[in-house]
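J.: Sequence unavailable; structure follows:
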């Protein structure tokens, strides 16, 4: 079952955005997206908080996350987090496999 992890990276002086930019420009993001079991790895910027970056990280299952966490990639990520002096808040979600109720679909524009 897929697992979605939201990681909120926060810092000061625009460091969270610089971290995300370096993750992309250094090729780390490309390498993570190529890992077996990675389904999504994208950064988003909250409009009301210029010092935070949200990472939406989705994996096929817990085993794929475990393999990722044991990989050398985690050392690269940790080094960049330290470089930019970031703090993290983490949320985990398991997708609801049921269909969207018809009464909720009325609010969805496809």
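T.: Received it, and whenever you're ready, just let me know what you need. These numbers come from a predicted model, not from an experiment. Residues are numbered from 1 along each chain as shown.

J.: residue ranges for the strands of this structure, please.
T.: Using DSSP state E, the strands of the chain run over residues 3-10, 38-44, 52-59, 87-93.

J.: Pick the most deeply packed of those strands.
T.: Among the strands of the chain, strand 52-59 has the highest mean neighbour count (mean count of other C-beta atoms under 10 Å), at a mean of 20. Backbone N, C-alpha and C define where each C-beta goes, glycine included.

J.: between it and strand 87-93, how many degrees?
T.: Here the directions of strand 52-59 and strand 87-93 differ by 40 degrees (axes from the mean of the first three to the mean of the last three C-alpha atoms, to 10 degrees).

J.: could the strands of the chain be laid out in CSV, adding mean pLDDT?
T.: Shown next, in CSV, are those (pLDDT from 0 to 100):
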stretch, mean pLDDT
strand 3-10, 97
strand 38-44, 98
strand 52-59, 98
strand 87-93, 97
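
J.: Mean pLDDT per helix and strand in the chain: which one sits at the bottom?
T.: Least confident helix or strand, the chain: helix 102-105 with a mean of 87, by mean pLDDT, DSSP states H and E.

J.: Now find how far off-centre it is within its chain.
T.: 28 Å (C-alpha atoms, centre = their mean, to the nearest Å).

J.: Grab the nearest non-local neighbour of residue 15.
T.: Nearest residue to residue 15, sequence neighbours excluded (C-beta to C-beta, 6 or more residues apart in numbering): residue 84, at 4.1 Å.

J.: need the strands of the chain in CSV with distance to residue 31, can you?
T.: Listed next are those as CSV, based on distance: least, C-beta to C-beta, whole Å:
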stretch, distance to residue 31
strand 3-10, 17
strand 38-44, 10
strand 52-59, 14
strand 87-93, 20
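
J.: which residues does the spatially closest residue to residue 76 that is not a sequence neighbour contact?
T.: Nearest non-adjacent residue to residue 76, counting by C-beta to C-beta, 6+ apart: residue 28, 5.4 Å away. Going by C-beta atoms under 8 Å, 6 or more residues apart in numbering, residue 28 touches 73, 76, 77, 80.

J.: how close does residue 28 sit to residue 79?
T.: Distance of residue 28 to residue 79, given as C-beta to C-beta, to the nearest Å: 10 Å.
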